[in-house]
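> Below are the sequence and a predicted model; questions follow.
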Amino acid sequence: MAYQVHKECILGKQGGCADMSGKDRNKKKMTGARIFIESLLKEGVDVIFGFPGGAVLNIYDELMGSPLRHVLVRHEQGAVHMADGYARASGRIGVALVTSGPGATNTVTGIATAYMDSIPIVVFSGQVPTSLVGNDAFQEADIVGITRPCTKHNFLVKDVKDLAKTIKQAFYIASTGRCGPVLVDIPKDITQAETEFVYPDKVEMKGYKPVMKGHPGQIKKAVERLLQSSRPIVYIGGGVISQNASEELVTLAETLELPVASTLMGLGGFPGDHPQFLGMLGMHGTYTANMTINSSDLILAIGARFDDRVIGKVDEFAPQASIIHIDIDPTSISKSIPAEVPIVGGAKEILRDLNHMLKENSESKHFRKKLKDWWETIREWQKAKPLSYTPSKTSIKPQFLVEKIYELTKGKNSIIVTGVGQHQMWVAQYYKFHSPRTFLTSGGLGTMGYGFPSGIGAKVAFPQRDVIVVDGDGSMQMNIQELATAVQDKVGVKVAIVNNGFLGMVRQWQQLFYKKRYSYTKLSVQPDFVRLAEAYGAHGFRAEKPEDVVPVLKKCLSTEGPVLMDFVVEPEENVYPIIPAGAAINKMILV
């Protein structure tokens, strides 16, 4: 059966054609490898990021001529980060395919990155034949055991008859409730074996029933607490974005004129240029956001987990505030900070119900007047301590670079991706994200090397949009080999390297807290990034002076294909504000 004919059959009507429905007793048998391909097509998958090897050769043989696009990576970690970036940008499930043993173990950092940030990906790993599992066979690794702590769930397929059902379950688990990565380990003999292909229409899993609707009584309590407050703040996290709740959030904030602050993962969930937005909070958050949350009498937390980088010293965090905590994951509520009004469920559904109750509550019409003094205090903090840096006429300041990227992209339709380090924080501070899924970064795990492959995944998802990766010279070199992937697949991602010759964030900590003892943080040997880009077949540009920044950015944005820009910046510029480890959120170092 040709793929073209079979795909038409699948897409022709809901549930597929006769030999897919489960009613035709003369169904043709398929190999596990073919079932793998057909299952992904049923899930609407259009692209796989992967790297072949012996244990998955049957699947790769079936991939030739199939409707699925395959992006050949140069390292399996890159494959998972690409699937992750694809998922964050598009809201769809990202898919990676790797072989057994080292191929599988190379995915662990990418899987852990997705797990910490609740990103829906499915990673398929090949495995040695079932008869050899546990015998220390060539290229065998217990990837199910290894990834158990960093996956939402994982599977080892032991019978070809279970393959289609397992794939259906994997996609369902990854994309429902609190999203996350799922791994499916497939032994080679399973891909060779044959069975009839029946793809389930739905999934019923005992013990797994995510709650989406919030408890009406708890939502009513939240409304009452909100309207009783006089110094409220809305604190949002990545759950607002993953649950597609931005519109409902804006409605709530504007109805009651509430100040809004965001975690790193929540940036874009509320318009960055909105007058009620206070910026990012936490260790490198704005003075205004940190002072506001610490002085509040009520915190409405939505899709955020009170991470240590946000709350600082636990027993001094927001001492006067009552807390309403909305989260789809019940284990995240009261995990770090006790919540007076916990509400379990999806942010979109809960905010919709909350807005409806507020609309019917007569007190909400007069609530905004109560906040006049509160807003005056907030505006005083904004005027007194705005984000700022000292401009230079001789060297490029990283903050200046980020501002110019924002001006040229207008902050509207572009997708900005970062690695991890100082450059990540400067982007979070100085780039105004207007809409969700336009800022991709590793928040929870803080994975250096995440930015570039994630940007490739985002560009694959949206080939017509500008995707700009702002990366550090240290972080970029973690997965720089994926330049070959971008060139081979004609993925026109643009990279701006903030080149300060250091592992910048670690150096900053050494400067501030270790008496400037720069122990092994100086990158004394660096490649010529422009020539390196050209060696891979990409375009390379360099800027060393402030006046070079805009021309180089414009040239980059007008150039087809992958581009690497080397911005040589002030080597010892620091990120401010910064809260020392273990200090309270209002104890910021500002300069």
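It's in.
> Pull stretch 101-108 out as PDB, backbone CA atoms only.
Extracted C-alpha coordinates of stretch 101-108, given in PDB (Å, rounded to 0.1, in the frame of the first residue of the first chain):
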ATOM      1  CA  GLY A 101      22.200   3.200  24.100                       C
ATOM      2  CA  PRO A 102      24.200   6.400  23.700                       C
ATOM      3  CA  GLY A 103      21.600   7.800  21.300                       C
ATOM      4  CA  ALA A 104      19.000   7.400  24.000                       C
ATOM      5  CA  THR A 105      21.200   8.700  26.800                       C
ATOM      6  CA  ASN A 106      22.100  11.800  24.800                       C
ATOM      7  CA  THR A 107      18.500  12.800  25.000                       C
ATOM      8  CA  VAL A 108      18.300  13.000  28.800                       C
END
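> How far does it sit from its chain's centre?
Distance of stretch 101-108 from its chain centroid, counting by Cα atoms, centre = their mean, to the nearest Å, is 21 Å.
> Next: stretch 195-212.
Here the centre of stretch 195-212 is set off from its chain's centre by 26 Å, with Cα atoms, centre = their mean.
> got the CA positions of stretch 482-500 in PDB?
Coordinates of each C-alpha in stretch 482-500 appear next as PDB, following Å, rounded to 0.1, in the frame of the first residue of the first chain:
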ATOM      1  CA  GLU A 482      23.500  22.100  14.700                       C
ATOM      2  CA  LEU A 483      24.600  24.800  12.200                       C
ATOM      3  CA  ALA A 484      25.000  21.800   9.900                       C
ATOM      4  CA  THR A 485      21.400  20.900  10.500                       C
ATOM      5  CA  ALA A 486      20.200  24.400   9.800                       C
ATOM      6  CA  VAL A 487      22.200  24.700   6.600                       C
ATOM      7  CA  GLN A 488      21.300  21.200   5.300                       C
ATOM      8  CA  ASP A 489      17.500  21.700   5.900                       C
ATOM      9  CA  LYS A 490      17.600  25.400   4.900                       C
ATOM     10  CA  VAL A 491      16.300  26.600   8.200                       C
ATOM     11  CA  GLY A 492      16.800  30.300   8.200                       C
ATOM     12  CA  VAL A 493      17.200  30.900  11.900                       C
ATOM     13  CA  LYS A 494      19.200  34.000  12.900                       C
ATOM     14  CA  VAL A 495      21.700  33.900  15.800                       C
ATOM     15  CA  ALA A 496      23.000  36.900  17.800                       C
ATOM     16  CA  ILE A 497      26.000  35.900  19.900                       C
ATOM     17  CA  VAL A 498      26.600  38.100  23.000                       C
ATOM     18  CA  ASN A 499      30.300  37.500  23.000                       C
ATOM     19  CA  ASN A 500      32.000  38.700  26.200                       C
END
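> Tell me the buried residues in the helix or strand hosting residue 171?
Per DSSP states H and E: residue 171 is located in helix 163-175. Residues of helix 163-175 classed as buried under the neighbour-count rule (16 or more other Cβ atoms under 10 Å) are 163-175. Backbone N, C-alpha and C define where each C-beta goes, glycine included.
> Which elements pack onto that helix?
Here helix 163-175 touches helix 32-42, strand 121-127, strand 153-156, strand 182-187, going by 3 or more Cβ pairs under 8 Å, 6 or more residues apart in numbering; DSSP states H and E.
> Could you give the separation of the third one from the chain centroid?
Looking back up the chat, that one is strand 153-156. Using Cα atoms, centre = their mean, the offset of strand 153-156 from its chain centre is 22 Å.
> Over to the first one?
On the basis of Cα atoms, centre = their mean, helix 32-42 is displaced by 27 Å from the centre of the chain it belongs to.
> swap in the last one?
Relative to the mean C-alpha coordinate of its chain, strand 182-187 is positioned 22 Å out (Cα atoms, centre = their mean).
> now residue 272, nearest residue through space, not along the chain?
Closest residue in space to residue 272, ignoring its immediate chain neighbours: residue 432 at 3.3 Å, by Cβ to Cβ, 6 or more residues apart in numbering.
> so how far is residue 573 from the one you found?
21 Å (Cβ to Cβ, to the nearest Å).
> Settle it for me: which of these two has more neighbours?
residue 573 (21 against 16; other Cβ atoms under 10 Å).
> coming back round to it: any idea of the mean pLDDT in the helix holding residue 171?
Per-residue pLDDT over helix 163-175 has a mean of 98.
> any low-confidence regions in the stretch 101-250 of the chain?
Judged against pLDDT under 70, the stretch 101-250 of the chain has no low-scoring part.
> All the strands of the stretch 301-450 of the chain, in order from the start?
Using DSSP state E, counting those that start in this stretch, the strands of the stretch 301-450 of the chain run over 322-327, 341-344, 415-418, 439-440.
> want to throw the ones you listed into CSV with mean neighbour count, mean pLDDT and distance to residue 58?
Below are those laid out as CSV (neighbours: other Cβ atoms under 10 Å; pLDDT from 0 to 100; distance: least, Cβ to Cβ, whole Å):
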stretch, mean neighbour count, mean pLDDT, distance to residue 58
strand 322-327, 26, 97, 42
strand 341-344, 22, 97, 43
strand 415-418, 30, 98, 34
strand 439-440, 26, 98, 33
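> Could you export those strands as JSON lines, including distance to residue 140?
Output for those, formatted as JSON lines (distance: least, Cβ to Cβ, whole Å):
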{"stretch": "strand 322-327", "distance to residue 140": "39"}
{"stretch": "strand 341-344", "distance to residue 140": "40"}
{"stretch": "strand 415-418", "distance to residue 140": "35"}
{"stretch": "strand 439-440", "distance to residue 140": "34"}
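> Nearest to residue 32, out of those strands?
The closest of those to residue 32 is strand 439-440. By Cβ to Cβ, the value is 33.6 Å.
> Who are the packing partners of that closest one?
Partner elements for strand 439-440 (3+ Cβ pairs under 8 Å, 6+ apart): helix 76-90, strand 415-418, helix 451-461.
> That strand: partners in the sheet, and parallel or antiparallel?
Strands that pair with strand 439-440, judged by DSSP bridges, come out as strand 415-418 (parallel).
> if we look at the partner strand, which residues are touching it?
Residues from elsewhere that reach strand 415-418 (Cβ atoms under 8 Å, 6 or more residues apart in numbering): 85, 89, 405, 409, 424, 427, 431, 433, 437-441, 451-452, 454-455, 458-459, 462, 465-471.
> try 7 Å this time
For strand 415-418, contacts defined as Cβ atoms under 7 Å, 6 or more residues apart in numbering pick out 85, 89, 424, 427, 431, 438-441, 451, 454-455, 458, 462, 465, 467-471.
> Contact partners for the residue nearest to residue 83 when sequence neighbours are not counted?
Spatial nearest neighbour of residue 83, excluding adjacent residues (Cβ to Cβ, 6+ apart): residue 94 at 3.1 Å. Counting by Cβ under 7 Å, 6+ apart, residue 94 makes contact with 83-84, 86-87, 121, 457.
> Indicate which one of the helices and strands packed on helix 163-175 is closest to residue 245.
For residue 245, the closest of the helices and strands packed on helix 163-175 is strand 121-127, at 21.1 Å, according to Cβ to Cβ.
> burial count for residue 138?
Residue 138 has 10 neighbours, counted by other Cβ under 10 Å.
> Next: residue 60.
With other Cβ under 10 Å as criterion, residue 60 counts 18.
> these two touch, right, it and residue 52?
Yes: counting by Cβ atoms under 7 Å, residue 60 touches residue 52, with 4.6 Å between them.
> ok, now which ones touch residue 246?
Going by Cβ under 7 Å, 6+ apart, residue 246 touches 240, 269-270, 436.
> Where neighbours are concerned, which of those has the most?
In the contacts of residue 246, the most neighbours by other Cβ under 10 Å go to residue 269, 32 neighbours.
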